[in-house]
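Trainee: Provided below for reference: sequence and predicted model.
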Amino acid sequence: MIIVEIPFGKTYLELQLPEERVEGVLESRAHQYRPEAGEEDLVKSALINPVGSLRLSELAKDHKKIVIVTSDHTRPVPTKIIAPLMLAEIRSVNPEAEITFLIATGFHRATTEEEIVNKFGEEMAQNEKIVVHNCWDKETMVNAGKLPSGGNLIINKLAMEADLLIAEGFIEPHLFAGFSGGRKSVLPGIVSDVTVLANHCSEFIAHENARAGILDGNPLHTDMLYAAKQAKLAFILNVVIDANKKIIQAFAGDLEEAHLAGCSFANDLAAVEAKPADIVITTNGGYPLDQNIYQHVKALSSAEATCKAGGVIIVPAALGDGHGSADMYEWLRGGAQEAMDKIMKIDRESTIPDQWATQIMARIQLKHSIIFVTDRDHQIIKDMGFQVALTLEEAMQKAEEIVGSKAKVTIIPDGVAVIVR
């Protein structure tokens with residue numbers, strides 16, 4: 001028997017399978033990677049040795065208004081480690097600087113006070129100025145021209161009026177932007193809903209280069225990088241983390257050069273060979289990314305790359321926030337084919353909220369049966385065209401009824417962390 005631990009919320013589910021039925025276990029090598037130093041030392045080293053840039057302390061001299069863009073509650077960025085080191089670097093040369101943390105919620109809901117404390121720690125949450133971006137609040141935005149794709153580029157005013165704009169974040173494979181991190185702090189992080197919608201159009205999502213691990217020729221990446229440059233994002237500090245959300249490497253410096261260095265490192269660890277099977281078990285890596293159905297396009301896109309046509313994808317997920325998108329819920333209630341037909345007729349300037357995630361989800365639903373494993377509201381899940389089970393064992397039984405009791409199984413314990421080729 002093979003025993004595999006499957007992330008679920010803040011804990012794990014255990015799965016036992018006969019060895020002969022397991023086609024493969026696809027895991028990022030980041031999970032076995034042994035870093036050369038501890039988390040703080042890795043970040044300090046990155047700050048001391050920036051890629052393609054002066055040190056942050058040099059850049060921060062003589063600047064009054066400094067804005068640090070930081071990821072929101074849906075991203076497991078270890079801000080408690082990163083932010084104090086960035087602050088120390090800045091304040092070592094500019095103790096009087098007015099520093100604001102701008103939480104890049106993108107198109108997500110607002111980060112709560114509790115989540116801010118969890119992210120920054122009690123002391124920083126109380127003593128630092130922290131602003132939550134709201135992409136729908138037009139009063140907090142400023143027009144910054146046009147994207148290469150032609151969409152309107154509207155960016156948070158705090159960022160545009162900063163004397164120095166910097167960002168922290170993390171780098172992992174991203175299902176349509178290639179990789180997270182770097183330029184994504186600006187678009188979609190701190191732009192208007194109008195800009196997000198233009199960038200996330202059906203034409204771009206359907207593009208052959210809008211896939212995990214691909215930056216060259218990726219139209220979404222092109223827009224994102226342009227937006228970050230227009231916002232004058234001067235310095236980034238991005239980390240790569242393992243399955244335990246621990247930092248294994250850090251990259252600081254120029255928006256583009258430091259990000260590419262980090263993407264190269266992440267790619268070397270994340271790229272795995274597909275192991276086609278009739279049953280694929282995948283997850284979003286547990287908390288915080290398994291809080292809703294919406295976020296699971298990430299894990300499902302990895303499973304899609306190794307699941308045989310007509311096969312079954314099983315997704316253990318805590319789903320504490322339910323569907324996570326009323327728009328996706330309404331789209332999929334009418335069926336995957338109907339949703340896809342409607343979405344592909346929508347032009348770039350008329351993109352509807354969350355149609356991009358729905359487009360990917362519908363694409364996968366049209367090829368595979370999807371079973372969520374959760375104790376949350378089963379009716380919502382069924383309404384969206386998915387099957388549901390209370391346990392992994394029940395899900396396996398349902399899958400075997402579709403593809404047979406001897407079907408091979410491929411397991412992706414953290415579908416967000418891998419690039420399946």
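Mentor: Everything's here; your move.
Trainee: packing partners of the host helix or strand of residue 226?
Mentor: Using DSSP states H and E, residue 226 falls within helix 219-230. Applying 3 or more CB pairs under 8 Å, 6 or more residues apart in numbering; DSSP states H and E, we find helix 219-230 packed against strand 141-146, strand 152-156, helix 193-199, helix 202-205, helix 255-270. Where C-beta positions appear, they are placed from N, C-alpha and C, glycine not excepted.
Trainee: contacts for that helix?
Mentor: Under the contact criterion CB atoms under 8 Å, 6 or more residues apart in numbering, helix 219-230 has outside partners 144-145, 147-149, 151, 153, 155, 176-178, 182-188, 191, 195, 198-200, 203-205, 207, 209-210, 215, 255-256.
Trainee: how close does the nearest residue to residue 357 once chain neighbours are set aside sit to residue 190?
Mentor: Computed as CB to CB, 6 or more residues apart in numbering, the closest residue to residue 357 that is not its neighbour in sequence is residue 297, at 4.9 Å. Residue 297 is 22 Å from residue 190, where distance means CB to CB, to the nearest Å.
Trainee: more crowded one of those two?
Mentor: The neighbour comparison of residue 297 against residue 190 (other CB atoms under 10 Å) goes to residue 190, with 33 against 21.
Trainee: buried residues in the helix holding residue 226?
Mentor: 219-228, 230 (16 or more other CB atoms under 10 Å).
Trainee: go ahead and confirm residue 316 touches residue 283.
Mentor: Yes - proximity of residue 316 to residue 283 meets the contact threshold set by CB atoms under 8 Å, at 5.5 Å.
Trainee: so where's the stretch 251-400 of the chain uncertain?
Mentor: Applying pLDDT under 70 to the stretch 251-400 of the chain flags no residue at all.
Trainee: what about the helices in it?
Mentor: 255-270, 297-304, 326-333, 336-343, 355-365, 378-383, 392-403 (DSSP state H, counting those that start in this stretch).
Trainee: tell me if residue 13 really is in a strand.
Mentor: Yes - counting by DSSP: H, G, I helix; E, B strand; the rest coil, residue 13 is part of a strand.
Trainee: excluding covalently adjacent residues, which one is nearest to it?
Mentor: Nearest to residue 13 is residue 6, by CB to CB, 6+ apart, at 4.5 Å.
Trainee: list phi and psi for that neighbour.
Mentor: Main-chain dihedrals, residue 6, degrees, to the nearest 10: phi -110, psi 120.
Trainee: got the domain boundaries for the protein?
Mentor: According to automatic domain parsing, the chain comprises the domains 2-26+274-420, 39-269.
Trainee: need the overlap of contacts for residue 316 and residue 283.
Mentor: Counting by CB under 8 Å, 6+ apart, the residues touching both residue 316 and residue 283 are 6-8, 290.
Trainee: most neighbours among those, which one?
Mentor: If you rank these by neighbour count (other CB under 10 Å), residue 290 sits at the top with 27 neighbours.
Trainee: state the distance from residue 257 to residue 225.
Mentor: In terms of CB to CB, residue 257 sits 12 Å off from residue 225.
Trainee: try residue 258
Mentor: In terms of CB to CB, residue 258 sits 13 Å off from residue 225.
Trainee: shared neighbours of those two, which are they?
Mentor: With CB under 8 Å, 6+ apart as the test, residue 258 and residue 225 both reach residue 182.
Trainee: what ranges do the strands span in the stretch 51-200 of the chain?
Mentor: Ranges of strands within the stretch 51-200 of the chain are 65-71, 98-104, 129-132, 141-146, 152-156, 164-170, 173-174, 178-179, based on DSSP state E, counting those that start in this stretch.
Trainee: quick one, the fourth one and strand 152-156 angle?
Mentor: Here strand 141-146 runs at 140 degrees with respect to strand 152-156, directions being taken by axes from the mean of the first three to the mean of the last three CA atoms, to 10 degrees.
Trainee: again with the first one
Mentor: Relative orientation of strand 65-71 and strand 152-156, computed by the same axes, to 10 degrees: 110 degrees.
Trainee: can you flag which of the shared contacts of residue 316 and residue 283 belong to strands?
Mentor: Among the shared contacts of residue 316 and residue 283, the ones falling in strands (DSSP state E) are 6-8.
Trainee: what sits against the nearest residue to residue 414 once chain neighbours are set aside?
Mentor: In space, and not counting its chain neighbours, residue 414 is closest to residue 285: 4.0 Å by CB to CB, 6+ apart. Residue 285 sits next to 7, 76, 243, 299, 413-417 when contact means CB under 8 Å, 6+ apart.
Trainee: could I get these as CSV with distance to residue 347?
Mentor: Below are the contacts of residue 285 laid out as CSV (distance: CB to CB, whole Å):
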residue, distance to residue 347
7, 39
76, 36
243, 41
299, 30
413, 39
414, 36
415, 31
416, 30
417, 34
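Trainee: which of these are buried, as a ChimeraX select command?
Mentor: Selecting only the buried entries of these in ChimeraX, with 16+ other CB under 10 Å as the criterion:
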select :7,76,243,299,413,414,415,416,417
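Trainee: out of the contacts of residue 285, who's nearest residue 380?
Mentor: Distance to residue 380, by CB to CB, is smallest for residue 299 among those, at 18.1 Å.
Trainee: with adjacent residues omitted, what lies nearest to the closest one?
Mentor: Leaving aside its chain neighbours, residue 299 sits nearest to residue 415 (3.2 Å; criterion: CB to CB, 6+ apart).
Trainee: residues contacting the one you found?
Mentor: 282-285, 298-303.
Trainee: relative to residue 372, how far out is residue 378?
Mentor: 9 Å.
Trainee: what about the two, which has more around it?
Mentor: Taking neighbours as other CB under 10 Å, residue 378 and residue 372 compare with residue 372 leading, 23 against 15.
Trainee: surely that one is in contact with residue 293?
Mentor: Yes - the criterion here is CB under 8 Å, and residue 372 meets it with residue 293 at 7.4 Å.
Trainee: intersection of neighbour lists for these two?
Mentor: 317, 319, 381, 386.
Trainee: report the beta-bridge partners for the residue nearest to the last one when sequence neighbours are not counted.
Mentor: Closest residue to residue 386 in three dimensions, ignoring its sequence neighbours and counting by CB to CB, 6+ apart: residue 370, at 4.9 Å. Listed by DSSP bridges, the beta-bridge partners for residue 370 are residue 313.
Trainee: against residue 87, how distant is residue 370?
Mentor: 43 Å.
Trainee: which of these two has more residues huddled nearby?
Mentor: Neighbour count, other CB under 10 Å: between residue 370 and residue 87, residue 370 has more, with 25 against 17.
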